[in-house]
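Visitor: coordinates only, sequence not included:
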């Protein structure tokens, strides 16, 4: 394909309300006698579905119609990707991933529901062949449907059926004007055409067909198949439910505390972590950073009932405490032998801990040698970091971080878990600290100041 100096978008106006059995090619030729060789005909899937009889008649009121729509969605679905309330994101029999399997109750009669064409590529080929036979025209045909997109508001039209046109232009191996090698650039030309054509048709215009003129194109004969990403290349293959099910299976296929009489029931501890995270006040000075990190914690806990256990290899919950002196001017840091940096006190949660706060307090006492510590019951900070801990394998620590106060005159006692243990002024931290520590200190100091 060459880049044109410009293209035209031409609406095909005057088409009637299409019904099953209507001659779509004849109607297009009647309303667009100006159709020419090299044009690209873009047709909304609803028009094709109507003439092909892909309609379901319903009776009764709105409730009955909605029940019929939901059943049609189920019938057209081969795999549910995600669900929220009545909304389902599914994979259809065509391999398309879309909301409601393309089942639509808009732009049809009140007692009808439209399904997608059975074979959109086949429908596009048949229409193209008929136009060539009757009018001697060589045109490309794109059948479009509207879709939402992850992480973006609004819908746009995409191609679900293609004939006579290379749907995806592969620019890999070419070089740009600066000599840079294009390694991943594949352009979804058919989708771009579908979206552009919708600017002159659309759901409210009663114009289901448009023509794109002025674009030179080739045809690789693959139809729309090149647009559908296969399972091996789909980084978002699993929906939420599938991801959670996989996580539970990896954890032994059981819920928290089930199935092993030799293991303590940690379901209460798991629930306490969730409750503690939910009650955590977010620091307004942080913006949305901590809120986003907390969602990651929720994801781990939802997928893994063993998330509080060291044995959870993908990652596990830990608890730590930034221990301040009685005046809040100094912080007690430990030189961690495995990390090789000055960090706050903390460690793994144990099955015998009654709560996440109790785990943080236990670790703080063990590593500081100071009794009588007072901890704020709500976390100050959340942090996720990659580490090879005592598990002996690469993992992640989902660290829930508290702030604590030592009693007046408290003197720390170094433990076997530390290479060194010292007080440092909160505004004069040592070299060789973990990069996340200064932010944690700032938040802890603000929390203590606000509670006075």
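Guide: Nice, I can see it. These figures come from a predicted structure and were not determined experimentally.

Visitor: going forward, measure contacts between C-alpha atoms and count neighbours the same way
Guide: OK.

Visitor: in the stretch 251-400 of the chain, which spans are helices?
Guide: 267-279, 289-303, 356-368 (DSSP state H, counting those that start in this stretch).

Visitor: Please identify the deepest-packed of these.
Guide: helix 356-368 (a mean of 23; mean count of other C-alpha atoms under 10 Å).

Visitor: Any chance you could list what contacts it?
Guide: Helix 356-368 is contacted from outside by 269, 272-273, 276, 319-321, 323, 332, 345-350, 353, 371, 373, 375, 377, 401-402, 412-415, 417-418, 421, using C-alpha atoms under 8 Å, 6 or more residues apart in numbering.

Visitor: So which of the helices of the stretch 251-400 of the chain is nearest residue 439?
Guide: Ranking the helices of the stretch 251-400 of the chain by proximity to residue 439 (C-alpha to C-alpha) places helix 289-303 first, at 11.6 Å.

Visitor: how distant is that closest one from the center of its chain?
Guide: 13 Å (C-alpha atoms, centre = their mean, to the nearest Å).

Visitor: who does that helix touch, helix- and strand-wise?
Guide: The contact analysis (3 or more C-alpha pairs under 8 Å, 6 or more residues apart in numbering; DSSP states H and E) places helix 289-303 against helix 240-250, helix 267-279, strand 381-388.

Visitor: repeat that for 7 Å
Guide: helix 240-250 (3 or more C-alpha pairs under 7 Å, 6 or more residues apart in numbering; DSSP states H and E).

Visitor: Now do the helix it packs on, average pLDDT.
Guide: Mean pLDDT, helix 240-250: 63.

Visitor: still on that earlier bit, the helices of the stretch 251-400 of the chain: which one's closest to residue 224?
Guide: helix 289-303 (35.0 Å).

Visitor: ok and that closest one relative to strand 381-388, angle-wise?
Guide: Comparing the axes of helix 289-303 and strand 381-388 via axes from the mean of the first three to the mean of the last three C-alpha atoms, to 10 degrees yields an angle of 60 degrees.

Visitor: What ranges in the protein fall below the confidence cut-off?
Guide: Counting by pLDDT under 70, the chain shows low-confidence ranges at 1-2, 232, 235, 237-266, 283-288.

Visitor: doesn't residue 80 fall inside a strand?
Guide: Yes: counting by DSSP: H, G, I helix; E, B strand; the rest coil, residue 80 is part of a strand.

Visitor: Would you mind giving both backbone torsions of the closest residue to it other than its chain neighbours?
Guide: In space, and not counting its chain neighbours, residue 80 is closest to residue 90: 4.4 Å by C-alpha to C-alpha, 6 or more residues apart in numbering. Note on residue 90: backbone dihedrals following degrees, to the nearest 10 are phi -140, psi 170.

Visitor: For residue 90, grab the count of nearby residues.
Guide: Residue neighbour count, defined by other C-alpha atoms under 10 Å, stands at 25 for residue 90.

Visitor: Tell me what it is bridged to.
Guide: Going by DSSP bridges, residue 90 is paired in beta bridges with residue 80, residue 98.

Visitor: ok, now how distant is it from residue 101?
Guide: 6 Å (C-alpha to C-alpha, to the nearest Å).

Visitor: residues shared between the contacts of the two?
Guide: Common contacts of residue 90 and residue 101 (C-alpha atoms under 7 Å, 6 or more residues apart in numbering): residue 77.

Visitor: Need the distance between the two termini of stretch 341-357.
Guide: The first-to-last residue distance of stretch 341-357 comes to 24 Å (C-alpha to C-alpha).

Visitor: now do stretch 89-99
Guide: End-to-end distance (C-alpha to C-alpha), stretch 89-99: 4 Å.

Visitor: repeat for stretch 215-222
Guide: So stretch 215-222: terminal residues 19 Å apart, C-alpha to C-alpha.

Visitor: Now do the buried residues in that stretch.
Guide: 215, 217, 222 (16 or more other C-alpha atoms under 10 Å).
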